[in-house]
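Participant: with the input below, show me the fold.
(2 chains)
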Amino acid sequence: NAGVTQTPKFRVLKTGQSMTLLCAQDMNHEYMYWYRQDPGMGLRLIHYSVGEGTTAKGEVPDGYNVSRLKKQNFLLGLESAAPSQTSVYFCASRWDRDSETQYFGPGTRLLVL
Amino acid sequence: ILNVEQSPQSLHVQEGDSTNFTCSFPSSNFYALHWYRWETAKSPEALFVMTLNGDEKKKGRISATLNTKEGYSYLYIKGSQPEDSATYLCAFAGTASKLTFGTGTRLQVTL
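Facilitator: As a prediction, this is how the structure comes out:
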């Protein structure tokens, strides 16, 4: 099993450009999450999904959209990138109980100029 | 917005020292408390998931305790080694389907 994978690993964007980050998991997990990690801020939840076809807002959703068309994939979109979105983005997934641990992907480093 | 606090923010110990960190979380609507270990340039890895008041978990030299009534958890490392150097995150799970993370305690163990 590959676990949780993320593509791309690194990307540089210009302000106003758009892009999509892909998260894929092969563990048949129901729940998937997108976080951003900034210095001194810890991991902050952007959006999450509790199953195929569902999405919900997290703590910092503005400027991002998500889709979960297939159970194994969770896409994070930036329609018009801003320098404030420079960050490291982590995807995570878990089974369907709150006590179950989350498994994290390797992260995507995004730089918006 | 849930408040999950960790202290200290950073810690520098010598090899062989024992150390502990604190995670404070809301004492209401508690479902679970997670601990993760996060090495630089890697992704967080789960250490423990604790659900019951009074829970104690152990993995090698690392152990954790949980007090849900007063809203805190301690993580202990016995005989710290350089490979223990990492950021240790706690995360609170309420009744919603998501975790709220603390900002972490960064541990540096030197020879």
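Participant: show me what from chain B comes close to chain A.
Facilitator: B:1, B:31-32, B:34, B:42-46, B:49, B:51, B:89, B:91, B:93, B:95, B:97-104 (CB under 8 Å from any CB of the partner chain). From N, CA and C alone the C-beta is placed, and that goes for glycine too.
Participant: dihedrals phi and psi, A:Gln85?
Facilitator: phi -90, psi 0 (degrees, to the nearest 10).
Participant: distance of the spatially closest residue to it that is not a sequence neighbour from A:Leu43?
Facilitator: Nearest residue to A:Gln85, sequence neighbours excluded (CB to CB, 6 or more residues apart in numbering or on different chains): A:Val112, at 5.3 Å. Distance, A:Val112 to A:Leu43, using CB to CB, to the nearest Å: 19 Å.
Participant: more neighbours: which of the two?
Facilitator: A:Leu43 (26 against 19; other CB atoms under 10 Å in any protein chain shown).
Participant: where's that one relative to B:Ser24, distance?
Facilitator: A:Leu43 is 17 Å from B:Ser24, by CB to CB.
Participant: again with A:Ala82
Facilitator: A:Ala82 is 33 Å from B:Ser24, by CB to CB.
Participant: sketch out the low-pLDDT regions of chain B for me.
Facilitator: Where chain B drops to pLDDT under 70, the residues are B:1, B:95-96.
Participant: helix/strand/coil for A:Ser80?
Facilitator: Following DSSP: H, G, I helix; E, B strand; the rest coil, A:Ser80 is assigned to coil.
Participant: let me know the pLDDT of the closest residue to it other than its chain neighbours.
Facilitator: Sequence neighbours aside, A:Gly16 is the residue nearest to A:Ser80 in space, at 5.3 Å (criterion: CB to CB, 6+ apart). If you check A:Gly16, the pLDDT there is 97.
Participant: so A:Leu45 sits right up against A:Tyr33, yeah?
Facilitator: Yes. Contact criterion CB atoms under 8 Å: A:Leu45 and A:Tyr33 qualify, at 6.3 Å.
Participant: many thanks, I have nothing further to ask.
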